[in-house]
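Visitor: The sequence isn't on hand, but the structure is:
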């Protein structure tokens, strides 16, 4: 090859590199992105669209609302989901307690998580500041491939719970990870062809969130029942 041609090829290679042409994603590169995001993860806010699919009647129950997650320190995550349409319901997790509040009937279901706290965290908080070591400890992790969610390039990974009790509730999970290492979509397969799909949009990573924004003060006259 002549020297001018070699120089031209080298220049093209350098141009491609500087333009940010990335290699095809792999499982390890995706987990590495998640580790980078986890290292600086403090909070997360987004709009939420939730689909609960029941296969036997081929029905989708669709809710929309907002989600806020805050991490004060490692393994101290607080979550609040406010569903607004068509249901009105608030779900909070934090300080070892789960609360589900339905304002239209002024009822709240509560549960002290106790020994089940780690299982609940795995289900509700999966992908929010999770490290690759935590994922591999709790799940068998495989690569799902590159996909697009809401016009954004993502990589899908598939997780099968190792815990037998968790496996009775969730057969496998799928996470769609953005190029920033954040979760933009989650899918929980709960048995048969039933699933729950959560898709996040208008994502704000590490915004300032006061503690009050991830907690819930119940009305004094609310009816409270205990969840098992």
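Guide: Great, that's in hand. All values derive from a computational prediction rather than experimental measurement.
Visitor: which parts of the one helix or strand residue 48 maps to are buried?
Guide: For residue 48, the element it lies in under DSSP states H and E is strand 43-54. For strand 43-54, a neighbour-count test (16 or more other C-beta atoms under 10 Å) marks 43, 44, 45, 46, 48, 49, 50, 52, 53 as buried. To be clear about C-beta, it is placed using only N, CA and C from the backbone, and glycine gets the same treatment.
Visitor: One more: stretch 99-107?
Guide: By 16+ other C-beta under 10 Å, the buried positions in stretch 99-107 come out as 99, 100, 101, 102.
Visitor: Can you give me the first-to-last residue distance of that stretch?
Guide: End-to-end span of stretch 99-107 (C-alpha to C-alpha, to the nearest Å): 10 Å.
Visitor: rewinding a little: out of the buried residues of stretch 99-107, give me the two with the largest separation.
Guide: Maximum pairwise distance in the buried residues of stretch 99-107, criterion C-beta to C-beta, is 10.8 Å, between 99 and 102.
Visitor: which residues do those two both contact?
Guide: Common contact partners of residue 99 and residue 102 (C-beta atoms under 8 Å, 6 or more residues apart in numbering): residue 108.
Visitor: Just list whatever residues bridge to residue 176.
Guide: Following DSSP bridges, residue 176 is listed with bridge partners residue 156, residue 185.
Visitor: Contacts only, for it.
Guide: Here residue 176 is in contact with 147, 149, 154, 155, 156, 183, 184, 185, 186 (criterion: C-beta under 8 Å, 6+ apart).
Visitor: Quick check: the fourth one touching residue 146?
Guide: The reference is to residue 155. Yes. Counting by C-beta atoms under 8 Å, residue 146 is a contact partner of residue 155 at 5.6 Å.
Visitor: Look up which helix or strand the closest residue to residue 139 other than its chain neighbours falls in, please.
Guide: Sequence neighbours aside, residue 159 is the residue nearest to residue 139 in space, at 3.7 Å (criterion: C-beta to C-beta, 6 or more residues apart in numbering). If you go by DSSP H and E, residue 159 is part of strand 152-161.
Visitor: What mean pLDDT does that strand get?
Guide: For strand 152-161, mean pLDDT is 96.
Visitor: Identify the residues contacting that strand?
Guide: By C-beta under 8 Å, 6+ apart, strand 152-161 touches 25, 27, 30-31, 122, 126, 135, 138-148, 167, 170-179, 184-185.
Visitor: Which members of those occur in strands, if any?
Guide: Judged by DSSP state E, strands contain the following of those: 139-148, 172-178, 184-185.
Visitor: still on that earlier bit, ok, of the buried residues of stretch 99-107, which one's closest to residue 211?
Guide: The shortest approach to residue 211 among the buried residues of stretch 99-107 belongs to residue 99, at 15.0 Å (C-beta to C-beta).
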